[in-house]
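# all I have is the shape, not the residue letters:
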């Protein structure tokens, strides 16, 4: 192939691929981003909405003596010491799930319950998910050192 | 006293390497063999001193010298020996020393490659040494591994129990060999920019280093993924976690580079692109090291975040990425390319498309990794980007890569001449169609399962077809083992092995992603759980003492069609020193898949919650990665340039 045509050919392919990739990325970013809220943010943003279909993450502390078991389901309350959200989860809890522990739950809002598909806590007793730490600092309940 | 010796060795090496840098820069205009000799000696000394210093640190860990800060923070007398050793790099300071050790080793090995012309070689050693002294400064000023404690503790704090694992003991060294290995091709590129000279020998000399780094990186990433699979107890093997991405991006760029440099070995075209890729590959390695270590992304990998380190990191990144890129913009137009015509259907085109797609794929990963940080900085929104994003962007971009991977090796360099090309494509399509139909009949899953499974069959058939046709062309008799061996040693078998690795990997991914099943149950001792043709009997649950932990261990018996297969023993471990708990899944692997059993919460009265996964073909994922790495190593031993069109 003549170098001139080659250059043209290469340019066209590059433009097409990058264009397609950009399109894919933008679409995926729009659809698949999961926002993080603290219980307080959630109420500020959505008011008293009972159902929110978008997947989201909420984070905070597991409220003391709020953990209940119903068969395979675990029900507990996440708090940022301002507002509270009731979480329903039927799956296996991480090793460090316990009262007062900072956790993040991912799921959707249904009938005023947060139906979690995943509950995350890190593997270290001192660890606080950074989003949770930030949120708690904002509410002046976080006493630990910044991590 | 001994640890101080380690510290002094690091200081001396820092001084020597800095002097070496000055010497190199001073002689930049008039390099000759004598300059190279001096630099060679310097790199030998650097390597020896750092090696000694690393040995001293290891010795401190083995003997549990708790007067050292990092030993007391990361080790414990009761820890098994192998984890005392792996504890050396299980922390920020020690892992940096390992990084520097590997860097000095690579510098030493490349410096004695006298087949590289001395102009290039002196600059290669020079650039390597600049990186070395920057990192030594980083260690000395912000992350001294030999720092003493003020007050001697009774015992150490121990290593994070999750990290006490044989797979993970090797994960950082392999990963680092990969990251740091890419510094060599980076130095080749910068040397070409500095001297303004480039030739085929340059490309030929550079490729083995890329291949070694790439193979090590492959193994390193695979080990990390394997560890996540069996240790984290979620049954997953890749989470698109930012930290995983940080190691995956250099891998993608290095893969592109590994292919691209082969064009340059044939003909001096796409010089600038090759140089840019070499610079980018190592930049991503540096970014990977730092993004992980700086605590910018939080995870098990983030050891410590200290603002003074952050500034230093920025300086190192600025010098090692910025300067070459500036040099690139100034000098890259000065290279003379050969006049190289090639057909649209040729190896060159295929490799170019490969490069384009791989870099685009890297871009999607980069955006997915950085976008949350970006959004947080802009408006404080906290978001996370999970697998769904990558399935929608990365997967569709990589699918054509796999598609082309099967047929590109059929193509010749430069010209479309192979008359059998269309025949081969028809054969591949037929086999893939049959395979795909079979897959559809076995178990109907989503269209993506079908695409991914078919691509794996397509690639597998492609590689085998290519190998057979090459054997036929060479008229090798298969019965004649000696002749066959000779032939195998002449063709670039590494390519075939690595590509088969991708096919195996993809088969594993297909099985794990689309055909796995999960069961969540609550059972008491004595109960039986049925999963397909298999059944699990809950025998007992008991407390057992390990070397540095207490374990709650359940015992199950696995039967298949009423026949005894194996005992499974999932555990929950409580590490008393570290005050933390880990879940040890019980995994039974065979050729066709894994049975993965996790013990959850519970008690004997209400029963224990259990999670059981059936993961078809999952071990093929790591087997595939292993094949890729072996292919990479094999390609080092063969000089493809000697053989036309192979």
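Nice, I can see it. Computed from a predicted model, the values in this text were never measured in an experiment.

# which SSE is immediately downstream of the lowest-mean-pLDDT helix or strand in chain B?
Using mean pLDDT, DSSP states H and E, helix B:481-490 stands out as the lowest-scoring helix or strand of chain B, at a mean of 74. Heading C-terminal from helix B:481-490, the first helix or strand you meet, by DSSP states H and E, is helix B:493-514.

# for that following helix, name the packing helices and strands.
helix B:387-407, helix B:447-473, strand B:607-616, helix B:618-637 (3 or more Cβ pairs under 8 Å, 6 or more residues apart in numbering or on different chains; DSSP states H and E). Quick note: C-beta positions are derived from backbone N, CA and C, even for glycine.

# these: which one's closest to chain A?
helix B:387-407 (3.9 Å; Cβ to the nearest Cβ).

# how far does the next helix or strand after the closest one sit from the chain's center?
Later in the chain than helix B:387-407, the nearest helix or strand by DSSP H and E is helix B:421-442. Relative to its parent chain, helix B:421-442 has a centroid offset of 32 Å by Cα atoms, centre = their mean, to the nearest Å.

# equivalent analysis for stretch B:411-418, please.
Averaging C-alpha positions (Cα atoms, centre = their mean) puts stretch B:411-418 33 Å from its chain's average.

# contacts for it next, please.
By Cβ atoms under 8 Å, 6 or more residues apart in numbering or on different chains, the residues outside stretch B:411-418 that reach it are B:266, B:340-350, B:410, B:421, B:644-645.

# show me the longest strand that occurs in chain A.
Longest strand in chain A, counting residues (DSSP state E): strand A:52-62.

# pLDDT of it, averaged?
Mean per-residue pLDDT for strand A:52-62: 85.

# what is the burial count for residue B:589?
Neighbour count for residue B:589, taken as other Cβ atoms under 10 Å in any protein chain shown: 13.

# may I ask you to confirm that it belongs to a helix?
No: according to DSSP: H, G, I helix; E, B strand; the rest coil, residue B:589 belongs to no helix; its state is strand.

# got any ranges where the stretch 401-550 of chain B has weak pLDDT?
B:478 (pLDDT under 70).

# quickly list what the most centrally placed residue in chain A is bridged to.
Geometric centre of chain A, nearest residue: residue A:57, 2.4 Å, by Cα atoms, centre = their mean. Assessed by DSSP bridges, residue A:57 has beta-bridge partners residue A:36, residue A:106.

# list the contacts for it?
A:34, A:35, A:36, A:37, A:104, A:105, A:106, A:131, B:382, B:384.

# in a markdown table, list those residues along with distance to residue B:483, pLDDT and neighbour count.
Shown next, in a markdown table, are the contacts of residue A:57 (distance: Cβ to Cβ, whole Å; pLDDT from 0 to 100; neighbours: other Cβ atoms under 10 Å in any protein chain shown):
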| residue | distance to residue B:483 | pLDDT | neighbour count |
| --- | --- | --- | --- |
| A:34 | 59 | 86 | 18 |
| A:35 | 64 | 87 | 17 |
| A:36 | 64 | 85 | 22 |
| A:37 | 69 | 87 | 23 |
| A:104 | 62 | 85 | 22 |
| A:105 | 64 | 88 | 24 |
| A:106 | 60 | 88 | 19 |
| A:131 | 64 | 66 | 22 |
| B:382 | 64 | 80 | 22 |
| B:384 | 57 | 83 | 21 |
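
# and which of those residues is nearest residue B:527?
residue A:105 (29.9 Å; Cβ to Cβ).

# could you measure from the residue lying closest to the closest one once chain neighbours are set aside over to chain B?
Distances taken as Cβ to Cβ, 6 or more residues apart in numbering or on different chains place residue A:116 nearest to residue A:105, at 4.2 Å, with adjacent residues excluded. Per Cβ to the nearest Cβ, to the nearest Å, residue A:116 is found 14 Å from chain B.

# what's across from residue A:116 in the sheet?
Counting by DSSP bridges, residue A:116 is bridged to residue A:89, residue A:107.

# next up, the contacts around it.
A:87, A:88, A:89, A:91, A:105, A:106, A:107.

# quick one: the last one from residue A:121, how far?
Look at residue A:107 and residue A:121: by Cβ to Cβ, to the nearest Å, they are 15 Å apart.

# also the second one?
As defined by Cβ to Cβ, residue A:88 lies at a distance of 17 Å from residue A:121.

# between those two, which one's more packed in?
When residue A:88 and residue A:121 are compared for neighbours, residue A:121 comes out ahead with 22 against 18, by other Cβ under 10 Å.

# roughly how far apart are that one and residue B:387?
Going from residue A:121 to residue B:387 by Cβ to Cβ gives 20 Å.

# can you give me the domain assignment for chain A?
Domain ranges of chain A: A:1-33, A:35-138, per automatic domain parsing.

# lowest mean pLDDT across those domains, which one is that?
Of all the domains of chain A, mean pLDDT reaches its minimum on domain A:35-138 (a mean of 80).

# list the contacts for the residue sitting nearest the centre point of chain B?
The centroid of chain B falls nearest to residue B:217 when counting by Cα atoms, centre = their mean (2.7 Å). Residue B:217 makes contact with B:174, B:175, B:177, B:178, B:179, B:181, B:182, B:247, B:250, B:251, B:254, according to Cβ under 8 Å, 6+ apart.
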